[in-house]
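Enquirer: kindly return the folded structure for what I paste below:
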Amino acid sequence: MASLLERIMDAHRGIRPDVPVSTLERSRLLSDELGADVWLKTEHLMPTGSFKVRGSANKIRVLGEAAKRTGVITASTGNHGQGVARAGKLADVGVTVYVGQTTTRAKMAAIEALGAVLVVVPGGALDAEVEARRQAEKRGKPYVAPYNDLDTVAGQGTLGVELAEQAPDLDAVFVCVGGGGLIGGVGTALKALSPRTRVVGVWPAASTCLLDSLKAGRIVETPEQPTLSDGSTGAVEPGSVTFPICQDVIDETLTVSEDEIARAMRRIAEGERWMVEGAAGVAVAGLVQTAERYRGKKVAVVLCGRNVTLATFLGAMARAEG
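Expert: Coordinates of the predicted model:
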């Protein structure tokens, strides 16, 4: 079986041109403010507004003709569902997305606009995932997991390859962590291609399941609180492939408060004129929190997405100002 790095390099070649290379742009405001050379990986400018297009596209690509015959099933609260829907549309693969009834109407509409069939189930995200997996098995259709799948992780890892090519002299990269697919893929690529780069994982203090699991040495359940970083919430599946990967590749872990996330979102809005979601704010907040340690260093922050409702964003702006 191919190693994860081999899968990442294969994905890096294979998902083009459907998935573009995102730019790495210097932040003058953050660089001046923090005394570091700060660069922003603009995943929020990707198609569908998040890094999730990478893993989704790679999984659909690897499934190939089989997926065209059967179609695929997934579950999502938003970004992943949009990524799978887009990848399916481009590859002529039918996509069914299961969502919980708590999913916002805007996110449902975005998924449907990309041609996917939407199925709303009673309950929340976990209920949707359980039903999606049940239906996939019952109907003999592949289930496209949001993080617990090596092909998905490999797709997300293409971001790390791009970073190594765009800035081989990076001292550190800051990444928001949910299920571990993004940082697992990025970290695997960087350990091989740019081993001097520290991989820093940042969590909202309100949702630290994978962090608590890493500390415990096994996957554990953790109570969660509401957070601006709704894209990174949720329990980590037992036996998730991301757990041992993250054990190997994360060099430093941080947690940030809701106030820190809101202030980070406002910094990006003021300095770059970009409206980013809470998960992107998490990564920025991690850098701000540890800025003294990285003074004079060249660092990158992954702005992982922009899919935030206007009401939530304006609430964060008001919170940051208050």
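Enquirer: show me the beta-bridge partners of residue 173.
Expert: Assessed by DSSP bridges, residue 173 has beta-bridge partners residue 199, residue 300.
Enquirer: okay, helices next: where are they in the stretch 1-150 of the chain?
Expert: Assigned by DSSP state H, counting those that start in this stretch, the helices in the stretch 1-150 of the chain fall at 4-14, 28-34, 52-63, 65-70, 79-91, 105-113, 125-139, 150-166.
Enquirer: same check on the stretch 151-300 of the chain?
Expert: 181-193, 209-216, 242-249, 258-272, 278-289.
Enquirer: could those go into CSV alongside mean pLDDT and mean neighbour count?
Expert: Any C-beta I mention is one placed from the backbone N, CA and C, and that applies to glycine too. Formatted as CSV, these follow (pLDDT from 0 to 100; neighbours: other CB atoms under 10 Å):
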stretch, mean pLDDT, mean neighbour count
helix 181-193, 98, 27
helix 209-216, 94, 19
helix 242-249, 96, 19
helix 258-272, 97, 21
helix 278-289, 98, 28
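Enquirer: and those helices as CSV, adding distance to residue 41?
Expert: Listed next are these as CSV, based on distance: least, CB to CB, whole Å:
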stretch, distance to residue 41
helix 181-193, 9
helix 209-216, 21
helix 242-249, 17
helix 258-272, 12
helix 278-289, 9
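Enquirer: re the thing from before, any idea which of the helices of the stretch 1-150 of the chain gets closest to residue 224?
Expert: helix 125-139 (11.2 Å; CB to CB).
Enquirer: now the angle from the closest one to helix 79-91?
Expert: Orientation note: helix 125-139 sits at an angle of 30 degrees relative to helix 79-91 (axes from the mean of the first three to the mean of the last three CA atoms, to 10 degrees).
Enquirer: what helices or strands is helix 125-139 leaning on?
Expert: Counting contacts by 3 or more CB pairs under 8 Å, 6 or more residues apart in numbering; DSSP states H and E, helix 125-139 packs against strand 72-75, strand 95-100, strand 117-121.
Enquirer: now that helix: how far from the chain's centre is it?
Expert: With CA atoms, centre = their mean, to the nearest Å as the basis, helix 125-139 stands 21 Å off its chain's centre.
Enquirer: return that helix as PDB; C-alpha atoms alone will do.
Expert: The C-alpha trace of helix 125-139 is given here as PDB (Å, rounded to 0.1, in the frame of the first residue of the first chain):
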ATOM      1  CA  ALA A 125     -24.700  16.400  12.700                       C
ATOM      2  CA  LEU A 126     -23.900  13.000  14.300                       C
ATOM      3  CA  ASP A 127     -27.400  11.700  13.500                       C
ATOM      4  CA  ALA A 128     -26.900  12.700   9.900                       C
ATOM      5  CA  GLU A 129     -23.500  10.900   9.800                       C
ATOM      6  CA  VAL A 130     -25.000   7.700  11.300                       C
ATOM      7  CA  GLU A 131     -27.800   7.600   8.800                       C
ATOM      8  CA  ALA A 132     -25.500   8.500   5.900                       C
ATOM      9  CA  ARG A 133     -23.200   5.600   6.700                       C
ATOM     10  CA  ARG A 134     -26.200   3.200   7.200                       C
ATOM     11  CA  GLN A 135     -27.600   4.200   3.800                       C
ATOM     12  CA  ALA A 136     -24.300   3.900   2.100                       C
ATOM     13  CA  GLU A 137     -23.800   0.400   3.300                       C
ATOM     14  CA  LYS A 138     -27.500  -0.600   2.600                       C
ATOM     15  CA  ARG A 139     -27.300   0.800  -1.000                       C
END
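Enquirer: what does that helix rub up against?
Expert: Applying CB atoms under 8 Å, 6 or more residues apart in numbering, the set of residues contacting helix 125-139 from outside is 70, 72-77, 96, 98-100, 102-103, 119, 121, 141-143, 234-235.
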